[in-house]
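Enquirer: attaching a predicted model along with its sequence, questions to come.
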Amino acid sequence: MNKNIYLLICLLTFACGPIQNPEYLIFEDLSDQEEFKGKAEYLASPYVTAGDRFYMVGHQDGTFPDLGWHVEGEMGGLWMHPIKLMDGFTASLGTAEETVCLDKAEAFYNYPFANKHEFGNLLIGIQVDRVQFVSDGKEGIIVLFRFENQSEQVQNFDFYFEANVDLRPVWLGEKSGMIDSPDQVTFEAMTGTFTAKDSENDWFAVWGSSADFELEEARPSCTVESAGEFGVKSGFSTGLTLESGETKVLPIFIAGSDRSELKALETLASLKANYVEDWFDKKARYEELFALSKITIPDAALQKAYEWTKYNTDWLIRDVPGVGRGFGAGLPDYPWWFGVDSEYTIQGLIATGRKDLVYETLDLLSELSELENGNGRIVHEVSTNAVVFNPGNINETPQFASTVWEVYRWTGDRALLEKYFPLIEKGLNWLLEENDQDGNLLADGYGMMEIHGLESEMIDVAVYSYKAFADAAQMAEILGKSELAQSYQQTANTLAETINTDFWVPEFGSYADFIGTTEEALHLIEGAIIRADTLNKPWAVEELRATQAKLSTLPKDQKQGIVLYHNWVVNTPMEVGVADPEKAKIALETGRKYTNPFGVFVTGIDRDELAENEDGTFKGSQIFSYTGAVMTLPTGVQAIGENKYGNPDAALDYLKRMTRSFGFAMPGSIYEVSPDYGMFTQAWNLYSFAVPIVMQFFGIQPDAANRVIYIRPQMPSDWEEAKIEKVKIGDNEISMTFERDGDAIAIEISQTEKKWGISVEIPEDFDKRVKLLGKEVNVDTQNGYRRFLMSGAKVRVEASKN
């Protein structure tokens with residue numbers, strides 16, 4: 001054995017630090033943490049214990065069954081990307097007469113950054129629970145088993161723990177030379193340290209306990225899962241004695257490395273020495289997450305869902321040395337990086353104060369895209385070993401441009417524009433030069449809807465292209481490229497007209513799914529009819545057959561806007577505000593038809609007249625798909641669209657629908673497919689909550705570069721009071737209160753940079769009993785709003801209609 005490694009192992013036995021029984025501090029503190037208890041009927045469903053370098057996915061009952069489909073059955077367990085360390089572990093209590101496996105938790109509790117399983121009163125009066133958390137920035141996890149003797153006698157028993165080691169590469173590992181091989185385990189009895197190694201790779205997992213417990217190699221009797229083709233199982237036992245009423249906590253530390261055994265052991269030592277400090281450091285960080293853009297609103301359930309979507313996104317951060325740092329899309333099957341998921345989510349992140357994560361993810365996306373494509377095209381899906389699965393759908397490149405612009409509005413960071421504008425310029429050239437064969441400014445190819453064959457001129461690609469060129473025009477002007485700015489704006493104007501003419505289909509009261517030829521549409525209709533018929537949606541079959549009959553009379557090469565699927569993307573013109581107001585009114589009303597109690601259907605033809613009663617579990621297909629799905633992103637897009645056109649009550653209705661999924665299956669989280677299917681936590685949920693609430697209900701629209709913040713509240717009609725605090729904009733920070741009493745309103749904003757301008761905007765008919773608090777008042781009226789531009793540490797506008 002290497003001398004340095006041997007010395008480090010020796011140190012591990014003395015690494016518990018100066019605090020006696022420090023694990024008790026964690027349990028004491030846990031009692032003060034906000035918690036959500038899981039439902040008994042969902043104990044056999046997943047959860048995550050999350051960190052940026054390490055996470056663990058198992059079931060709420062304390063087991064680790066096979067999970068996921070990307071690498072079939074392997075997406076759960078203990079992950080340290082780009083490798084997996086273990087499929088999980090088992091534990092049990094035993095006496096000479098009886099052994100009880102800890103695989104049937106009676107209750108599961110989720111906390112912002114930890115979880116707890118309660119196994120109840122077992123064996124001989126021993127109450128058992130298990131708590132786990134992951135330290136920030138460390139490649140390992142801390143698992144704490146707590147035993148309480150509730151009997152009246154001294155109890156002696158053995159505790160068994162078995163690691164189900166499966167050192168293996170992430171999805172697509174073989175494309176980067178990561179080839180799995182058999183695992184081997186050794187045990188150092190002197191320190192009670194186990195070391196597992198992949199026989200052909202420098203992938204390591206190490207684990208042990210504190211020096212208070214003497215570990216012996218043992219084979220527990222609760223082994224139920226296989227170790228896989230190359231995995232191996234290895235366990236220990238330790239004897240415990242508890243006086244009547246006594247409690248003991250046994251900590252288990254698990255660490256890993258994809259570089260060296262020494263690195264894994266260093267992490268193990270650090271976990272042992274610092275895990276209590278790590279706990280309180282992470283707690284402080286999560287308290288700061290809670291405090292940023294903190295809201296107080298009349299709807300307690302919505303407020304809680306909003307708060308926890310901030311935590312949910314933090315659970316998804318993947319920091320991979322040598323590749324980059326950014327948030328993944330969802331767990332368990334999408335832990336890696338996506339272009340479009342990031343582009344939506346970043347808008348929610350910047351509104352909730354996560355500039356650090358926004359910048360890191362933008363860097364990661366741009367670097368991976370340039371490495372893979374080199375032409376401005378933004379990648380769609382990248383595994384954590386930097387292998388690109390999909391080099392990019394068409395919509396992701398224009399959405400990147402708008403994402404950068406939104407971040408600039410909040411930060412005022414000119415260097416950000418200078419850094420990314422060359423990539424944006426290349427991307428917009430690629431968009432039309434490589435993908436617009438007929439030169440009508442409508443790029444062809446897959447957008448958000450990845451339905452086979454649906455790759456014509458898609459509505460969402462057109463809408464996001466419009467917005468990209470409009471946003472890029474502003475960026476170009478700032479950077480002194482006036483001619484380019486003019487050209488971009490002309491393209492945006494043309495696209496706006498096309499969206500409101502060629503894509504508008506009056507007989508459906510909707511924007512088209514796509515523009516294509518009659519022949520393309522007829523081919524797609526056949527598949528759509530089969531889908532609708534299979535799902536027993538007779539109304540959709542009837543509608544599709546009528547469309548088929550009409551199209552059959554037209555020339556095969558005639559192009560027109562086609563409504564087939566009623567896909568959610570037909571609502572994107574309202575999301576970005578390009579829809580003509582009258583068309584928007586009609587289209588939003590049409591969109592309300594394709595909902596159930598949880599939100600908006602991904603594909604409208606999957607809905608039927610029973611949808612409004614579908615408030616239970618989602619019965620998805622055995623093979624993972626989004627057929628029949630209601631999702632948070634389409635619902636959020638619809639809410640944003642309603643707000644854009646002055647309908648905050650309708651927007652609130654969609655937010656309430658999404659909130660019904662909060663904690664439905666996993667306490668403290670919202671599933672990707674409502675209410676309980678697919679990814680059990682999803683990044684872009686933050687877009688669907690933060691944008692409607694922060695940017696629209698509270699109406700915060702920054703211009704950080706010019707040190708002006710525009711405030712145009714658009715509150716739901718039954719919200720009489722609302723408050724938001726610690727909203728970070730550039731180097732400023734604002735807090736805001738809104739009050740309504742009948743026909744009178746009062747809006748108050750405080751800011752840390754008192755020289756910034758605050759433009760408070762209220763409807764023009766609030767023109768009576770106006771009272772202002774602030775300096776340098778400038779008043780004007782624009783587009784039906786009175787605008788009061790003021791500065792100072794605090795500004796206030798009071799006004800009434802009468």
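Expert: Perfect, I can see it now.

Enquirer: next, residue 512: phi, psi?
Expert: Main-chain dihedrals, residue 512, degrees, to the nearest 10: phi -70, psi 150.

Enquirer: isn't it up against residue 504?
Expert: Yes: with contact defined as C-beta atoms under 8 Å, residue 512 and residue 504 form a contacting pair (7.5 Å). Bear in mind the C-beta positions are built from the backbone N, C-alpha and C, glycine included.

Enquirer: can you pull the poorly scored residue ranges out of the stretch 251-400 of the chain?
Expert: For the stretch 251-400 of the chain, no stretch is flagged by pLDDT under 70.

Enquirer: ok, which stretches of it are helices?
Expert: 261-291, 300-315, 339-351, 355-372, 396-411 (DSSP state H, counting those that start in this stretch).

Enquirer: just checking, what packs against the fourth one?
Expert: Packed against helix 355-372 by the contact rule (3 or more C-beta pairs under 8 Å, 6 or more residues apart in numbering; DSSP states H and E) you find strand 324-327, strand 337-338, helix 339-351, helix 396-411, helix 414-433.

Enquirer: okay, residue 512 and residue 504: which has more neighbours?
Expert: residue 512 (25 against 20; other C-beta atoms under 10 Å).

Enquirer: next up, the contacts around the closest residue to residue 173 other than its chain neighbours.
Expert: Among residues not flanking residue 173 along the chain, residue 385 sits closest, at 5.8 Å (C-beta to C-beta, 6 or more residues apart in numbering). Neighbour list for residue 385: 82, 169, 170, 172, 173, 175, 176, 178, 323 [criterion: C-beta atoms under 8 Å, 6 or more residues apart in numbering].

Enquirer: please repeat the previous calculation with a cut-off of 7 Å.
Expert: Neighbour list for residue 385: 82, 169, 170, 172, 173, 176, 178 [criterion: C-beta atoms under 7 Å, 6 or more residues apart in numbering].

Enquirer: rewinding a little: mean neighbour count and distance to residue 529 for the helices of the stretch 251-400 of the chain - can I get that in a markdown table?
Expert: What follows is those, written out as a markdown table (neighbours: other C-beta atoms under 10 Å; distance: least, C-beta to C-beta, whole Å):
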| stretch | mean neighbour count | distance to residue 529 |
| --- | --- | --- |
| helix 261-291 | 19 | 48 |
| helix 300-315 | 21 | 38 |
| helix 339-351 | 26 | 29 |
| helix 355-372 | 19 | 38 |
| helix 396-411 | 25 | 30 |
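
Enquirer: need these in JSON lines (columns: distance to residue 115).
Expert: Below are those laid out as JSON lines (distance: least, C-beta to C-beta, whole Å):
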{"stretch": "helix 261-291", "distance to residue 115": "13"}
{"stretch": "helix 300-315", "distance to residue 115": "11"}
{"stretch": "helix 339-351", "distance to residue 115": "23"}
{"stretch": "helix 355-372", "distance to residue 115": "23"}
{"stretch": "helix 396-411", "distance to residue 115": "32"}
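
Enquirer: can you say which of those helices is nearest to residue 438?
Expert: Evaluated over the helices of the stretch 251-400 of the chain, closeness to residue 438 peaks at helix 396-411, with 18.3 Å, by C-beta to C-beta.

Enquirer: list the contacts of the closest one.
Expert: In contact with helix 396-411 (C-beta under 7 Å, 6+ apart) are residues 339-340, 343, 346-347, 350, 355, 358, 376-378, 380, 416-417, 420, 424, 427-428, 430-431, 464-465, 467-468, 471-472, 474-475, 702-705, 729-730.

Enquirer: the inter-axis angle of it versus helix 414-433?
Expert: Relative orientation of helix 396-411 versus helix 414-433 (axes from the mean of the first three to the mean of the last three C-alpha atoms, to 10 degrees): 160 degrees.

Enquirer: quick one: helix 396-411 to helix 355-372, angle?
Expert: Using the same axes, to 10 degrees: helix 396-411 against helix 355-372 is 150 degrees.

Enquirer: pLDDT weak spots in this structure?
Expert: In the chain (pLDDT under 70), the answer is 1-21, 223-227, 453, 621-622.

Enquirer: could you find the closest non-adjacent residue to the most centrally placed residue in it?
Expert: In the chain, the centroid-proximal residue (C-alpha atoms, centre = their mean) is residue 683; its distance is 1.1 Å. Counting by C-beta to C-beta, 6+ apart, residue 345 is the residue found nearest to residue 683 once chain neighbours are left out, at 4.4 Å.

Enquirer: do residue 200 as well
Expert: In this structure, residue 200 finds its nearest non-sequential neighbour in residue 181, 3.8 Å apart by C-beta to C-beta, 6+ apart.

Enquirer: secondary structure element holding the one you found?
Expert: Per DSSP states H and E, residue 181 falls between elements, in no helix or strand.

Enquirer: re the thing from before, quick one: which of the helices of the stretch 251-400 of the chain is nearest residue 90?
Expert: helix 261-291 (20.6 Å).

Enquirer: quick revisit: from memory the residue nearest to residue 683 sits against residue 684, does it?
Expert: Yes: Residue 345 is in contact with residue 684 according to C-beta atoms under 7 Å; the separation is 5.0 Å.

Enquirer: before we move on, back to that, distance-wise, check the residue nearest to residue 683 relative to residue 712.
Expert: 24 Å (C-beta to C-beta, to the nearest Å).

Enquirer: related to what we said a few turns ago, can you list the helices and strands packed on helix 355-372 in JSON lines and add distance to residue 161?
Expert: JSON lines is the format used below for the helices and strands packed on helix 355-372 (distance: least, C-beta to C-beta, whole Å):
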{"stretch": "strand 324-327", "distance to residue 161": "32"}
{"stretch": "strand 337-338", "distance to residue 161": "34"}
{"stretch": "helix 339-351", "distance to residue 161": "37"}
{"stretch": "helix 396-411", "distance to residue 161": "45"}
{"stretch": "helix 414-433", "distance to residue 161": "49"}
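
Enquirer: the residue nearest to residue 200 is in contact with residue 198, isn't it?
Expert: Yes: judged on C-beta under 7 Å, residue 181 makes contact with residue 198 at a distance of 5.6 Å.

Enquirer: ok, those two, which is more surrounded?
Expert: Remark: of residue 181 and residue 198, residue 198 carries more neighbours, 24 against 15, as counted by other C-beta under 10 Å.

Enquirer: not counting its neighbours along the chain, what's nearest that one?
Expert: Per C-beta to C-beta, 6+ apart, closest to residue 198 is residue 167, 4.2 Å.

Enquirer: note down every partner strand of whatever helix or strand that neighbour lives in and its orientation.
Expert: Using DSSP H and E, residue 167 falls within strand 155-169. Paired neighbours of strand 155-169 in the sheet (DSSP bridges): strand 83-94 (antiparallel), strand 232-242 (antiparallel).

Enquirer: for residue 642, which of the helices and strands packed on helix 355-372 is the nearest?
Expert: helix 339-351 (17.0 Å).

Enquirer: contacts for that closest one next, please.
Expert: So helix 339-351 is contacted by 293, 313, 326-327, 329, 357-358, 361, 365, 378-380, 392-393, 395-396, 399-400, 403, 406-407, 410, 448, 633, 683-684, 686-687, 689-691, 694-695 (C-beta under 7 Å, 6+ apart).

Enquirer: the inter-axis angle of that helix versus helix 396-411?
Expert: Helix 339-351 runs at 10 degrees relative to helix 396-411, counting by the same axes, to 10 degrees.

Enquirer: centre of the chain to helix 339-351, how far?
Expert: Relative to the chain's own centre, helix 339-351 is displaced by 9 Å; criterion: C-alpha atoms, centre = their mean, to the nearest Å.

Enquirer: tell me, how many residues neighbour residue 770?
Expert: Neighbours of residue 770 under the rule other C-beta under 10 Å: 14.

Enquirer: is it true that it lies in a helix?
Expert: No: if the criterion is DSSP: H, G, I helix; E, B strand; the rest coil, then residue 770 is strand and not within a helix.

Enquirer: which of the three states applies to the nearest residue to it once chain neighbours are set aside?
Expert: Closest residue in space to residue 770, ignoring its immediate chain neighbours: residue 799 at 4.7 Å, by C-beta to C-beta, 6+ apart. Classification of residue 799 by three-state DSSP places it in strand.
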